[in-house]
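# how would this look folded up:
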Amino acid sequence: MTAQQNGEHNSPAPRRVGTRGVLTGIIVLAMIGGVVLFGPRSSGVGGAPPQGAMPPAGVTVSHPLERDVIEWAEYTGQFAAMEYVELRSRVSGYLMEIHFKDGQTVNKGDLLFVIDPRPFEADLAQVQANLERDKAQLLRANQDLKRYAELAKKDFATRQQYDNARAAADGAAATVRADEAAVAQARLNLEFTRITAPVSGRIGEHQVSIGNLVVGGSNSTTTLLTTLISLDPIHFVFDVSEADQLAYKRGVTSGKLKSARDSAVPIQAKLADESHWSHDGLIDFVDNRINHGSGTLRLRAVFANPDRLLAPGLFGRARVPVSQPHIALLVPDSAIVTDQSRKLLMVVTEGGTVEPRLVQLGPTAEGLRIVRSGVSATDSVIIDGLMRVRPGAKVAPQKGTITAVPGAD
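Below is the predicted model:
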């Protein structure tokens, strides 16, 4: 009888695992579990550090640099000519000569334009002739007056005749004086036909060509001939905010600063392509009121310009001293951390812990930032490696140096 006939299932018989195979599987699982649970063990001396124990970050620290500095406030301004002249003729006539090239430098008194002088020469000759004629009449009137005075003493002439002679002499004298004034005016008109440079400087483009009629006089319809600006010295005009003006005024009131209204205050300037403050000048004007539209106060300084490098209309930067010389702590701007509106310096304590310090900063001096408060001269400030630290962390500080750059403000 087969197995189906005996009622047995038609499934294969189960495999038997030997004792040796079971033990081998248990050992492999135990080894894998040990690696997962405990990880690699340290090999002791010279081995890798345990997982999670990071070494302290390396940073460079230095004490703030102590320097004797002057604090400056910087402003943007524009150079302007001290003297600007629109050249116009005082007399009308035809333009005959031009004695300059457009854009050249001229000196005070140089001849620039000539207006046809012949009509004015004729006018001068006429009034001179009138003067000579009236002088002769005055001479005759004085002789008549002298004659009638003698006759009146001897009663050979009436008082009325004497008075008439005296009036005629006085009238002739007045006519002579009027003629002399006319001669002086004619001479002036003749001189005005030669237009000269009233100041030294650079001349602009001529607006009228030779042969054109020039309208002269003193009204707004006169003909513009050209413009002339002075170059040396030159002005620098800039605006100061209301807050800066108040701070400076309080410094003057306390006696720490000099008043720009009462004394010459030094100022330094540099151009857009200059890295150093290479131009020295003096403040010579402070406006008498604050502009109600912009809330700024206008100031003006004067600079020597012998090489004509500074041109009217050129923009530049200027700085004004806002303190007396004093000892200040300086740090590089790269060491400053900004936390919203607060400024921080990271200081390493004696135990090697990073400690943030809230500081109050001032302007730059010698390429560094002035620190008014928050740190002392003996604090170790992190100047390199800020990206690797956080407050309260341990660090491995290395000694560095803060270097000032004189003239790089």
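
# Which of the three states applies to residue 263?
Look at residue 263: counting by DSSP: H, G, I helix; E, B strand; the rest coil, its state is coil.

# From residue 350, how far off is it?
49 Å (CB to CB, to the nearest Å). Yep, even glycine has a C-beta here, placed from its N, CA and C like the rest.

# of these two, who's got more company?
Ranked by neighbour count (other CB atoms under 10 Å), residue 263 and residue 350 place residue 263 first, with 9 against 6.

# Tell me the helix or strand right after the helix or strand containing residue 269.
Here residue 269 sits within strand 265-270, counting by DSSP states H and E. Downstream of strand 265-270, the first helix or strand assigned by DSSP H and E is strand 279-286.

# Report the buried residues of that following strand.
279, 281, 283-284, 286 (16 or more other CB atoms under 10 Å).

# Using PDB, write out every CA atom in it.
This file holds the C-alpha atoms of strand 279-286, laid out as PDB (Å, rounded to 0.1, in the frame of the first residue of the first chain):
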ATOM      1  CA  HIS A 279      44.600 117.200  -0.400                       C
ATOM      2  CA  ASP A 280      44.600 119.500   2.600                       C
ATOM      3  CA  GLY A 281      42.300 122.500   3.000                       C
ATOM      4  CA  LEU A 282      40.500 124.700   5.400                       C
ATOM      5  CA  ILE A 283      36.800 125.300   6.000                       C
ATOM      6  CA  ASP A 284      36.000 128.900   5.200                       C
ATOM      7  CA  PHE A 285      32.200 129.100   5.300                       C
ATOM      8  CA  VAL A 286      29.300 127.600   7.300                       C
END
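
# Which element is encountered next along the chain beyond that strand?
Next in sequence after strand 279-286, counting helices and strands by DSSP H and E, comes strand 296-303.

# Partner strands of that next one, with direction?
Using DSSP bridges, the strands paired with strand 296-303 in its sheet are strand 234-241 (antiparallel), strand 279-286 (antiparallel).

# Between strand 265-270 and the last one, find me the angle.
Between the axes of strand 279-286 and strand 265-270, defined by axes from the mean of the first three to the mean of the last three CA atoms, to 10 degrees, the angle is 130 degrees.

# residues in contact with strand 279-286?
Applying CB atoms under 8 Å, 6 or more residues apart in numbering, the contact partners of strand 279-286 are 236, 260-261, 264-270, 297-304, 310, 316, 320.

# and that strand, how far out from the chain's middle?
11 Å (CA atoms, centre = their mean, to the nearest Å).

# how much space between residue 362 and residue 346?
Computed as CB to CB, the residue 362 to residue 346 distance reads 19 Å.
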